[in-house]
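In: give the three-dimensional model of this entry:
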Amino acid sequence: MILLTLICVLISLAVVAVAVLWHRFAPAQGALAHEKALYAGFVADVDRRLAAGDIDADAAHEEKTEAARALLKAGDHLTTPTVKPAVGVAVIAITAALAFGVYMLIGHPGLAGQPFKDRLTRWTAMAQEDPDSVPPEVMVAVLRQGEAKNGGDPQYWLMIGRFQTWSGNTYEGMKAYKRARAMSPQTFNEWSALGEAITLTADGNINAEAVAAFEQALKLDPKDARALYYLGRHQVAIGRFDEARTSFRTALASTSPDNPSRPAIEDELKAVDVEEAASTAMKTRITGMVAGLEASLTSDPENADGWARLLRSYDVLGDAAGHARAEADMKAHYKARPQVADAILAKSQQAVGAEVTQ
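Out: Take a look at the predicted model:
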């Protein structure tokens, strides 16, 4: 803390020093502008007298030169009054003393912090008086007080799961939902909430467990907007674009106009066309590549890498029949060398470029 205080004082000194230098050497803009205006007026008068023949060109030049020298001299001397360094030092000393006094009063390491029990008592009173004013993480702490008494009630864990998820602690939220499900699997109906917690815990990835939860939710309520939203995203990811549109549209139909989640559903519905166009373009490129690979392998069936790329391409296209046909042709060619065929199959299952990192 001493080091921190010293650093703060040094920074304050630097700021005051900069301010002092600025005030010491900064031009007095108002006075300088006045001098420039006088100079311009004088030059204009010289030009008028020269045009009228009252003075000759040499005299006019000499008068303008003297006026310019006077302006430069005025600019050199027009500065703001110097700030006394003692004033800055005094300000710093007073500020540092006040800060140190406040710190010793309310922030000294030797002073005990406010006991958690006292804070919890205050939070409990707030939750009882106005639950909506209590942050989710605080509400979790309040609810945890009743775990010994209510820990055997599935509804208790559903509330814990809800507030944990809202607070951003999705892993604990997921665990609480699963605990409620395990206690009463026949009556558990928070499937879409569970699926959402699973998805958020997986950084937004809608895995098989989450999909199963959302599908179960829709069995209970075909208009569950949350389940439809996440399933729609999953359907886009696996290329089932028409199903995704249906999911998003049904979700919108089940959502009130003022629901805060509605814009997100609308954005996902608009994005389906873009995703479908991109997917179609990719499949077109891959189809062309497949045709080229097939022609190449017909003339050169010893190209093991080519067989692996062909099989992988069929997987990307979702063409199971094409994959089966190509695999049969490859195995027929390597009938006498099954180990080569096995290596090709293994390589075809790797992500593109994976062999480079091995």
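
In: can you map out the helices along the stretch 201-350 of the chain?
Out: In the stretch 201-350 of the chain, the segments counted as helices under DSSP state H, counting those that start in this stretch are 208-220, 225-237, 241-253, 262-299, 304-317, 320-333, 338-348.

In: just checking, R312 touches A346?
Out: No. Assessed by Cβ atoms under 8 Å, R312 is found out of contact with A346, at 11.4 Å. Backbone N, C-alpha and C define where each C-beta goes, glycine included.

In: of the two, which one has the most company?
Out: R312 (18 against 10; other Cβ atoms under 10 Å).

In: do you know the pLDDT at the residue nearest to that one when sequence neighbours are not counted?
Out: Leaving aside its chain neighbours, R312 sits nearest to S348 (4.8 Å; criterion: Cβ to Cβ, 6 or more residues apart in numbering). At S348, the model reports a pLDDT of 92.

In: I'd like the distance between S348 and V340.
Out: 13 Å (Cβ to Cβ, to the nearest Å).

In: so between these two, which is more surrounded?
Out: S348 (20 against 16).

In: what is the burial count for K283?
Out: 15.

In: quick one: it and L317 touch, right?
Out: Yes. Checked against Cβ under 8 Å, the pair K283 and L317 is within contact range at 6.0 Å.

In: how near is the nearest residue in space to R226 that is not next to it in sequence to L218?
Out: Excluding the flanking residues, the one nearest R226 by Cβ to Cβ, 6+ apart is S192, at 4.3 Å. From S192 across to L218, the span is 8 Å (Cβ to Cβ).

In: quick one, what contacts the residue nearest to R312?
Out: 307-309, 311-312, 315 (Cβ atoms under 8 Å, 6 or more residues apart in numbering).

In: repeat that with 6 Å
Out: 308, 311-312 (Cβ atoms under 6 Å, 6 or more residues apart in numbering).

In: let's see the pLDDT reported for the nearest residue to D221 once chain neighbours are set aside.
Out: Computed as Cβ to Cβ, 6+ apart, the closest residue to D221 that is not its neighbour in sequence is A227, at 7.8 Å. A227 carries a pLDDT value of 98.

In: please apply the same query to V316.
Out: At V316, the model reports a pLDDT of 86.

In: from A295, how far off is the closest residue in space to it that isn't next to it in sequence?
Out: The shortest distance from V316 to any non-neighbouring residue, by Cβ to Cβ, 6+ apart, is to I286 (5.8 Å). Counting by Cβ to Cβ, the gap from I286 to A295 is 15 Å.

In: these two: which is more packed in?
Out: More crowded of I286 and A295, by other Cβ under 10 Å: I286, with 16 against 10.

In: wait, the more buried one sits on S313?
Out: Yes. Using Cβ atoms under 6 Å, I286 is in contact with S313, at 5.3 Å.

In: what about A148, neighbour count?
Out: Quick note: A148 (other Cβ under 10 Å) scores 8 neighbours.

In: buried stuff in stretch 220-233?
Out: For stretch 220-233, the neighbour count (16 or more other Cβ atoms under 10 Å) marks 224-233 as buried.

In: apologies, that question was intended for stretch 148-155.
Out: Within stretch 148-155, the residues that count as buried by 16+ other Cβ under 10 Å are P154.

In: for stretch 123-139, same thing?
Out: Judged by neighbour count using 16+ other Cβ under 10 Å, the buried positions of stretch 123-139 are 123-124, 126-127, 134, 138-139.

In: pull up the distance across that stretch, start to finish.
Out: By Cα to Cα, to the nearest Å, the extent of stretch 123-139 from end to end equals 8 Å.

In: stretch 194-212 too?
Out: End-to-end distance (Cα to Cα), stretch 194-212: 10 Å.

In: what average pLDDT does that stretch get?
Out: 97.

In: any idea how far V138 lies from G151?
Out: Remark: distance between V138 and G151 (Cβ to Cβ) = 20 Å.

In: P154 reaches P185, doesn't it?
Out: No. Between P154 and P185 there is no contact under Cβ under 6 Å: 9.6 Å.

In: can you name every helix or strand that the host helix or strand of the residue nearest to R226 contacts?
Out: Taking DSSP states H and E as the definition, S192 sits inside helix 191-201. Using 3 or more Cβ pairs under 6 Å, 6 or more residues apart in numbering; DSSP states H and E, the elements in contact with helix 191-201 are helix 170-183, helix 208-220.

In: check the ones you listed for me and report the most buried one.
Out: Neighbour counts (mean count of other Cβ atoms under 10 Å) averaged over each of these peak at helix 170-183, with a mean of 20.

In: just the residues contacting it, thanks.
Out: Helix 170-183 has contacts (Cβ under 6 Å, 6+ apart) with 154, 157-158, 160-161, 164-165, 188, 194, 197-198, 200-201.

In: mind running it again at 7 Å?
Out: Residues from elsewhere that reach helix 170-183, judged by Cβ atoms under 7 Å, 6 or more residues apart in numbering: 154, 157-158, 160-161, 164-165, 188, 190, 193-194, 197-198, 200-201.

In: same check on stretch 211-231?
Out: Residues outside stretch 211-231 that contact it (Cβ under 7 Å, 6+ apart): 189, 191-192, 194-196, 198-199, 206, 210, 234, 247, 250-251, 254-255, 265, 268.

In: and for stretch 271-282?
Out: With Cβ under 7 Å, 6+ apart, stretch 271-282 has contacts from 236, 239, 241, 244-245.

In: which positions within it qualify as buried?
Out: Buried, per 16+ other Cβ under 10 Å, within stretch 271-282: 272, 276.
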